[in-house]
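Asks: sequence first, then the predicted structure, then my questions.
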Amino acid sequence: MMHHSALLLPMVILPLAGAFVLGVLRLATVRERGMAAHHFGIIAAFGPILSFLLALGLLVQINGLPGHDRVLSQSLYQWFAVGEMRVNFGLMADPLAVLMVLFVTFVGSLIHIYSIGYMKGDPNAGAFFAYLNLFLGAMLILVLGSGPLVMFVGWEGVGLCSYLLISYYNDDRANVAAGNKAFIVNRIGDLGFILGLALLFWAIGDTGFDYADLRERAPELTPLLALTVGLLLFIGATGKSAQLPLYVWLPDAMAGPTPVSALIHAATMVTAGVYMVARFSFLYMQSVPAGVIIAWVGILTALLGAIFGMFQRDIKKILAYSTISQLGYMFVGVGLAAYSAGIFHVFTHAFFKALLFLGAGSVITALHHQQDIWRMGGLKKRLPITYVTMLIGALALAGVPPLAGFFSKDEILVAALATGHPVIWLLGILVAGMTAYYTFRLIFVVFHGTPRDAHYEEVTESLRVMTIPLMILAAGAVLAGFINLPPILGGHQLLSHWLGLEAHHSPHIKLELLTILASLTVCAVGIGIAYRRFIPTAVEPVYHGFARFAEAKFHVDELYDSLFVQPLLGAGAAIRRVVEPRIVDGPVQAVVWLYRAGADAVSAVQSGYVRVYAIYMVVGVGLLSFAVYRLLVG
Amino acid sequence: MITPPLSTMIFLPLLAGLVVLVLPLGRESARAVGLAVAVLMAAFSINLFALFDPISGGFAFYESYPLVPALGIGYRLGVDGLSLLLLVAAGALFPVVYLLFSTKSRGYYGCLLIVQGTMIGAICAADLVLFYFFYELMLLPIFFMIGLYGGPNRVGATLKITIYTIAGSLLMLASCVYLGVVYQAQSGVWSFAVADLATLRLSGTVATIALLGFVLAFAVKIPLFPLHTWLPDAYTEAPPAATFVLSAIMAKIGAYGVLRFVLPIFPEPLGKISLLLAFLAVVGMAYCGIAALGQRDMKRLLAFCSASHMGIIGVGLFCLNVQAITGVLYQMVAHATSVGLLFLLAGLIEERTSSRDIESFGGLGGQAPLFSVFFMVALLGSVGLPGTASFIGEFLIIVGAVKFNLVIGILAGTSMIIAVTYMLWLFGRVFFGPRTKTATTMRDLTPIESLTVLPLIVLIVVMGLFPGPFIDKIEPAADTLSAQVSRSSAAAGAILAQRGDGDG
């Protein structure tokens, strides 16, 4: 039984309307110097804030429903109907979706506010804020869509906004290339997604293509089909959520403005793949192998991201690889059917990673667009608020109790042990140690030691409009973990019960204790190594051997370039230069030549090509008709 | 509504075109006549769309007068779900062409008027001979437009398109004659009426040859790989209005011809080669997409883009199920709005900067912000972003293709990737980056021009978000056609099975 909610549509429409208004205002004022950036920003903040309030309303509404029956929906219209295919366009919210929209609109609102300060004086801020609003609207469609195809509208919509915002500083062609890369790599994933949907439709979709119907009929799927569809959909997730082998676009995406990196490329959009797997839990429950493959892809990506993160020098790239790595953890969770653990990590990660990115943005603006950590140093005295808040974010990311990351990551690792995947668990523990190391490498090199920036003395703390969102997110990074405390730490796993995504099993006291001990140990070791190396002063290292290979990201980009990009471009050029003019066009050229020769011969009496053509046609047609007639009748 | 509506829609532009060609009008008055007719036609088409009742089945607004009674050739016109959207597109999309571009010659406007009348004639024809007549006639004004008002290599382009067309015409004519003869042999009377020909039961080698005659003729027009080589030259050298007409409407009439004549008349022989044809279409889609990636000339890139998209439409044609057929019908109009608009906008760039060389551009976004927003929306429409019309069309085709044959479905899906590669490259190169000297000569759209283009933009989005009202008009016809095709194929299968039993 679904319950109606009138809050869903306005929640989606508000940011979209904001985007439209901003776009029109921007185009109307672009001629005469334009409106001031912060005016655009203030208008832009309305949509997300109002949507957040509506999300709170949704939370109240859904908690008013009986525990076993918490689904709100707003059916809008039949999108299209062709033969047995009927697709509805509607919105739907269960606790999973409500949790997503709550933090998406909350973090989204904070980042809009932060951007008012960050984008100060930018002449194209109108476009920036329009895209940011559009993104939020698309993200809400992705989360609240009543069926997979509606989700896909949001899915590609957020991809479009991501592309537009990565290419935002498009005077630099490298940023344009980064935007193109993001869009194209995501489209590769989306092909998998759409093929998965097509198969799913022909298998069980013809009674309505909503989650509600699909969930009911999922048991009809054969194991092979469930595996195929599950993996095809997951290909889409590897694109959107930057997993192996499609993760390559995310580090380049850091070309966008830093608030975009925080909102889209850390807290919200990139978690869409994890959300998708949790949303399709009914499908993945039909295929354990699909889930195990997802978990393995996740843990290997987590390892790879952590390795790369340890050797980067660009502050945003370190965080980007960290995001890739943390997303890997989330896929371990949802892959091993520990949906609430995976989603819990999505939730906590949104706070501390958005915080770290916004902190990085504060550092970058304070240093006039310096992003190289080896050009920073000693900044804690100059940027005290940024330092303290980023330190909190770093502790949360590194998994120091009682901050948010500790609880959510450990839950995923416990699930890995409980479902019988000790190797995944071991790798997960290893990655936890690496995470602690690269996070504190960043903190120590940037904020401690001696200043390396030439203009160190002129550096001042960011505007209040930027630091207040930092403080709020820091509070979130401290507190977010407590909503799902496990019994071993005196909690009741409130979030897991509320989400109701999986059957509840009794706690594994021993496994939990083991995991906590192991992860605390590696965390301490990781931070300790970072401390030994970079305190009291950090010296820029010169990497050799494996470290150098890792700094160069294993040359995966170059590999993809020579495997896929260059052959395609080469084929395109070859077609233009050789295939079209010489081969495909060859017979035509021959006819043209004959025709020219013939035309020259009759040019004494015939002057126009069209007349030649007409005679040619009449004669030819006549002869041919006669021949056919004779063949058939005569 | 004026009666008879279809004849009016054919002869109003046709006669107006002749008047413009014959009378010594100034070029501005010629343009005014053209625009007035185009607006009237748009009104007629929209009205026709509103009045069309999809449930009744068969031809609506039917007109029939005997032309050559002895051979059963008649002046027969009608509209059904297969032709409705294309007819409305051909009727309603012309005002923007008159508003955006002006030329030195009234002959140009005369040609534009005539091409509209003849295309509508081909779309509405319910008689094979009448269809053939209009189908051939509609290229004549295009020849003149390319040959007289085209770019520097116009003569070569005209020659190429002529050669291909002659080849296609001859094949089709032979097949037409064959159909008439067979009908006479089977029923004892002559008729070329579409409704009569559809009752034919054709099989055997000769039928397959006749089928190939039609397919080849239509494949030239669509165009399907490897018969596409006339297209880049013609699209590039033609003036923007002619390119728009060629890509937005005329290419679709080829695809429409397949739906109108090939599927209903040759279901059985088609069933045997449909996999091969669909595969060729997919190869063409990929080939033209990769070719687009290699182009340096903006219009040539769009030409290959258009051909690549037509490849997807080609796949849909031969999947023979209701989703694919509806997708094709929808995609025809979606493609007309998005890629048609891209050609118009590229025409404006060329007109204003005198350059089509992609490498000569950069930073057009800052130079012409409004223009670039429109270009972006048209681009998103062409790559089939969900929320645009093409997404509905492409999704239906891919779903239909997956049902038809999984490998074809997967290959058809790769168009999603290929399309964004060259489109984003084009957009990034031209609109982003440092502003080049060529780009500074670009003038942004005026408010009037923006309002002219706006309906197309709105259509791209509305047809993406609310496809229901459009699909409801065409889906019953697609359903009937696919049922008819699969019934015939099933019957053929049953016969074959029986024969097999007999042999065994």
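Replies: Here it is on my side, so go on.

Asks: which residues of the stretch 151-300 of chain A lie near chain B?
Replies: By Cβ under 8 Å from any Cβ of the partner chain, the residues of the stretch 151-300 of chain A that approach chain B are A:152-153, A:155-157, A:160, A:163, A:167, A:170-171, A:173, A:176-177, A:179-180, A:183-184, A:187-188, A:190-191, A:194-195, A:198-199, A:201-202. The C-beta positions use only the backbone N, C-alpha and C, and glycine is treated the same way.

Asks: buried subset of those?
Replies: With burial judged by 16 or more other Cβ atoms under 10 Å in any protein chain shown, the buried subset of those is A:152-153, A:155-157, A:160, A:163, A:167, A:170, A:176-177, A:179-180, A:183-184, A:187-188, A:190-191, A:194-195, A:198-199, A:201-202.

Asks: hang on, A:Asp190 packs against A:Trp155?
Replies: Yes. Between A:Asp190 and A:Trp155 there is a contact under Cβ atoms under 8 Å: 7.2 Å.

Asks: and for the two, which residues touch both?
Replies: A:Gly236 (Cβ atoms under 8 Å, 6 or more residues apart in numbering or on different chains).

Asks: just say helix, strand or coil for the residue of the stretch 351-500 of chain A found nearest chain B.
Replies: Proximity to chain B, evaluated over the stretch 351-500 of chain A using Cβ to the nearest Cβ, is greatest for A:His369 at 18.1 Å. Following DSSP: H, G, I helix; E, B strand; the rest coil, the label given to A:His369 is coil.

Asks: and the residue of the stretch 1-150 of chain B found nearest chain A, how many neighbours?
Replies: Across the stretch 1-150 of chain B, no residue is closer to chain A than B:Phe143, which sits at 5.9 Å (Cβ to the nearest Cβ). Look at B:Phe143: counted by other Cβ atoms under 10 Å in any protein chain shown, it has 22 neighbours.

Asks: isn't it up against B:Thr162?
Replies: Yes. Under the criterion of Cβ under 8 Å, B:Phe143 makes contact with B:Thr162 at 6.9 Å.

Asks: which other residues reach the helix or strand harbouring A:Leu283?
Replies: In this structure, A:Leu283 is located in helix A:281-284 according to DSSP states H and E. Residues from elsewhere that reach helix A:281-284 (Cβ under 8 Å, 6+ apart): A:200, A:211, A:214-215, A:218, A:221, A:226, A:229-230, A:233, A:277, A:290-291, A:294, A:334-335, A:337, A:339, A:501-502.

Asks: contact partners for the closest residue to B:Val322 other than its chain neighbours?
Replies: With sequence-adjacent residues excluded and distances taken as Cβ to Cβ, 6 or more residues apart in numbering or on different chains, B:Val322 is closest to A:Gly83, at 3.8 Å. Listed by Cβ under 8 Å, 6+ apart, the contact set of A:Gly83 reads B:Asn321, B:Val322, B:Gln323, B:Thr326, B:Glu475, B:Asp479, B:Ser482.

Asks: stretch B:233-247 close to chain A?
Replies: No. Judged by Cβ under 8 Å from any Cβ, stretch B:233-247 and chain A are separated, with a smallest distance of 9.0 Å.

Asks: ramachandran angles for whichever residue of the stretch 401-550 of chain A sits closest to chain B?
Replies: At 26.5 Å from chain B, A:Leu501 is the closest residue in the stretch 401-550 of chain A, using Cβ to the nearest Cβ. Dihedral angles phi and psi of A:Leu501 (degrees, to the nearest 10) take the values phi -90, psi -20.

Asks: so it is in contact with A:Asp94, correct?
Replies: No. Contact between A:Leu501 and A:Asp94 fails when scored by Cβ under 8 Å: they sit 9.2 Å apart.

Asks: just give me the neighbour total for B:Ser203.
Replies: With other Cβ under 10 Å as criterion, B:Ser203 counts 15.

Asks: give me the pLDDT value at it.
Replies: According to the prediction, B:Ser203 has pLDDT 77.

Asks: check A:Asp585 too.
Replies: 73.

Asks: now swap in A:Tyr609 and tell me
Replies: A:Tyr609 is given a pLDDT of 57.

Asks: ranges for the strands of chain A?
Replies: Here chain A has its strands, by DSSP state E, at A:3-4, A:72-82, A:85-93.

Asks: same deal with the stretch 1-150 of chain B?
Replies: Secondary structure of the stretch 1-150 of chain B, counting by DSSP state E, counting those that start in this stretch: strands at B:60-68, B:73-79.

Asks: for the residue of the stretch 251-400 of chain A found nearest chain B, what are its contacts?
Replies: When you check the stretch 251-400 of chain A against chain B by Cβ to the nearest Cβ, the closest residue turns out to be A:Ala255, at 11.9 Å. Contact partners of A:Ala255, counting by Cβ under 8 Å, 6+ apart, are A:Ile166, A:Ser167, A:Tyr169, A:Asp172, A:Ala174, A:Asn175, A:Ala178, A:Gly179.

Asks: who wins on neighbours among these?
Replies: A:Ile166 (29 neighbours).

Asks: so who does that residue touch?
Replies: Counting by Cβ under 8 Å, 6+ apart, A:Ile166 has contacts A:Asn175, A:Ala178, A:Gly179, A:Ala182, A:Asp252, A:Ala253, A:Ala255, A:Gly256, A:Val260.

Asks: repeat for B:Phe261
Replies: B:Leu128, B:Phe131, B:Val194, B:Leu197, B:Phe214.

Asks: I'd say the fourth one and B:Arg260 touch.
Replies: No. Counting by Cβ under 8 Å, B:Leu197 stays clear of B:Arg260, with 10.1 Å between them.

Asks: how's chain A carved up into domains?
Replies: A:1-146, A:147-551 (automatic domain parsing).

Asks: B:Leu275: which element?
Replies: Assigned by DSSP H and E, B:Leu275 falls in helix B:267-293.

Asks: tell me the helix or strand right after that helix.
Replies: Past helix B:267-293, the next helix or strand by DSSP H and E is helix B:298-317.

Asks: helices or strands next to that next one in the packing?
Replies: helix B:230-237, helix B:251-257, helix B:267-293, helix B:322-353, helix B:389-404, helix B:406-413, helix B:415-431 (3 or more Cβ pairs under 8 Å, 6 or more residues apart in numbering or on different chains; DSSP states H and E).

Asks: need the ones you listed in CSV with mean neighbour count and mean pLDDT, can you?
Replies: CSV is the format used below for the helices and strands packed on helix B:298-317 (neighbours: other Cβ atoms under 10 Å in any protein chain shown; pLDDT from 0 to 100):
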stretch, mean neighbour count, mean pLDDT
helix B:230-237, 25, 88
helix B:251-257, 25, 93
helix B:267-293, 22, 91
helix B:322-353, 26, 94
helix B:389-404, 27, 94
helix B:406-413, 21, 94
helix B:415-431, 23, 93
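
Asks: and the angle from the helix holding B:Leu275 to helix B:406-413?
Replies: Between the axes of helix B:267-293 and helix B:406-413, defined by axes from the mean of the first three to the mean of the last three Cα atoms, to 10 degrees, the angle is 40 degrees.
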